[in-house]
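Novice: Fold the following and give me the result.
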Amino acid sequence: MTNQAADLFSPRLFACKDEVYKEVAGMDLKQISYFMWVYEERSFSKAAAKANVVQSALSMQIRRIEDEFGVLLFNRLPRGVEPTEAGRKFYDRCVLIARNLAEAREELSGASDLAAVSGVIRVGLPGSFNRGVLRDVLLPFMERYPGVQLTISEAYTGTLIDWVREGSVDFALGVRPSEEGGLIQKLIYSDRVVLMSGAPVNGASFRPCDLSQAENLKLILPAQNQSFGSLVQKYIDQGFIRTAKTIEINGTVGAFQLARYSDWGVLTPFVSLCRESGRSGMYIYPIVNPDIPFDLYLVYDKRRPPNIAARQFIAAIEAELRHVDAIWKELTASPSQI
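Specialist: Sure, this is the predicted structure:
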């Protein structure tokens with residue numbers, strides 16, 4: 001790697017912790033945004049549409065970064081692009097920049113001294129989120145905001161929504177409430193449901209899975225009194241999911257433990273497994289049929305909007321979910337041969 005290419009990943013250039021930067025290592029924030037869109041969309045044309053610019057202008061900005069540092073960020077393919085190793089490392093840096101910028105915007109809009117933000121945040125989160133990415137959101141947040149006291153409560157969506165209505169939590173993540181009432185709902189993430197097992201029940205990991213054609217599938221069902229569980233049972237009843245045996249386990253930990261160390265399978269959003277996707281002995285299959293949506297909504301009472309500390313925590317969640325998207329695209333673009 002050239003000296004310029006090495007400089008591209010220098011911690012000195014990306015130590016933007018507490019300031020709003022208009023320029024980073026010769027790159028403006030627009031160039032960084034363009035790069036991230038291309039990386040996430042794996043396409044110059046789709047990224048240009050997202051950025052609302054012509055493709056040639058966006059391509060020129062990416063080329064300028066590559067020329068300046070003497071490094072190739074993307075391999076241009078007949079259909080789309082694939083990031084190089086340098087591109088993947090650069091993306092991780094850009095995620096940090098985007099996260100810091102989001103925090104800086106919140107600071108400018110709501111507080112003169114963000115480091116002094118304090119108080120209590122009571123958050124309701126689903127088990128799938130906590131299992132997959134809570135650590136990567138929580139630990140950096142607590143380090144950055146030592147004056148904020150966090151209380152994390154875990155439950156299924158129905159309970160989480162009740163807690164929001166009661167005022168037991170300041171906000172929650174869950175599926176869209178069937179009765180909105182005085183609640184504000186904001187779609188924060190659209191996840192992909194996968195089948196996970198400790199055995200190769202569908203071949204190599206990340207091989208697309210059609211559940212309507214499954215043979216001898218032993219499936220762990222979520223609780224049917226929850227929206228996701230009732231949808232899965234509906235698909236089974238209608239023949240869209242074929243099973244040989246089923247068992248209902250009302251709990252994330254128990255369901256994952258059984259599936260992880262057996263030939264039983266469990267349906268779960270990818271966010272719950274994203275950090276374990278390369279682990280030996282774990283088989284993960286994207287579901288191509290039937291379509292099983294898993295949308296996460298930010299839910300709060302409009303009478304009690306999130307304070308600045310809570311908004312910072314929500315921004316950290318959104319930034320981490322963008323990283324989950326990048327992991328998914330990386331894995332599905334180059335399926336494992338486990």
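Novice: Next one: V120 from L150, what distance?
Specialist: According to C-beta to C-beta, to the nearest Å, V120 stands 8 Å off from L150. Backbone N, C-alpha and C define where each C-beta goes, glycine included.
Novice: So for these two, which sits in the more crowded spot?
Specialist: Taking neighbours as other C-beta atoms under 10 Å, V120 and L150 compare with L150 leading, 15 against 12.
Novice: what about that one, which helix or strand?
Specialist: Element membership of L150 [criterion: DSSP states H and E] is strand 148-154.
Novice: what comes up buried for that strand?
Specialist: V148, E154 (16 or more other C-beta atoms under 10 Å).
Novice: Same question for stretch 222-229.
Specialist: Along stretch 222-229, these residues count as buried under the neighbour rule (16+ other C-beta under 10 Å): P222, A223, Q226, S227, F228, G229.
Novice: my guess is the second one meets G254, correct?
Specialist: No. When contacts are counted by C-beta atoms under 8 Å, A223 is not listed as touching G254 (11.3 Å).
Novice: Could you tell me which residues touch both of these two?
Specialist: By the contact definition C-beta atoms under 8 Å, 6 or more residues apart in numbering, A223 and G254 are jointly contacted by no residue.
Novice: Where does the prediction get shaky in the stretch 201-338 of the chain?
Specialist: Along the stretch 201-338 of the chain, the parts satisfying pLDDT under 70 run over 278, 334-338.
Novice: neighbours around the residue lying closest to N216 once chain neighbours are set aside, how many?
Specialist: Nearest residue to N216 in three dimensions, chain neighbours excluded: A244, at 4.7 Å (C-beta to C-beta, 6 or more residues apart in numbering). Here the count is done by other C-beta under 10 Å, and A244 has 10 residues near it.
Novice: phi, psi of the residue nearest to L211 when sequence neighbours are not counted?
Specialist: The shortest distance from L211 to any non-neighbouring residue, by C-beta to C-beta, 6+ apart, is to I241 (4.4 Å). Its backbone dihedrals place I241 at phi -130, psi 120, with angles given as degrees, to the nearest 10.
Novice: Please tell me how far I241 sits from P208.
Specialist: From I241 over to P208 (counting by C-beta to C-beta), the distance is 15 Å.
Novice: for A51, same thing?
Specialist: According to C-beta to C-beta, A51 and P208 sit 30 Å apart.
Novice: what's the closest non-adjacent residue to N289?
Specialist: What sits nearest to N289 in space, not counting adjacent residues and going by C-beta to C-beta, 6+ apart, is D210, at 4.4 Å.
Novice: Thanks again, I'm all set now.
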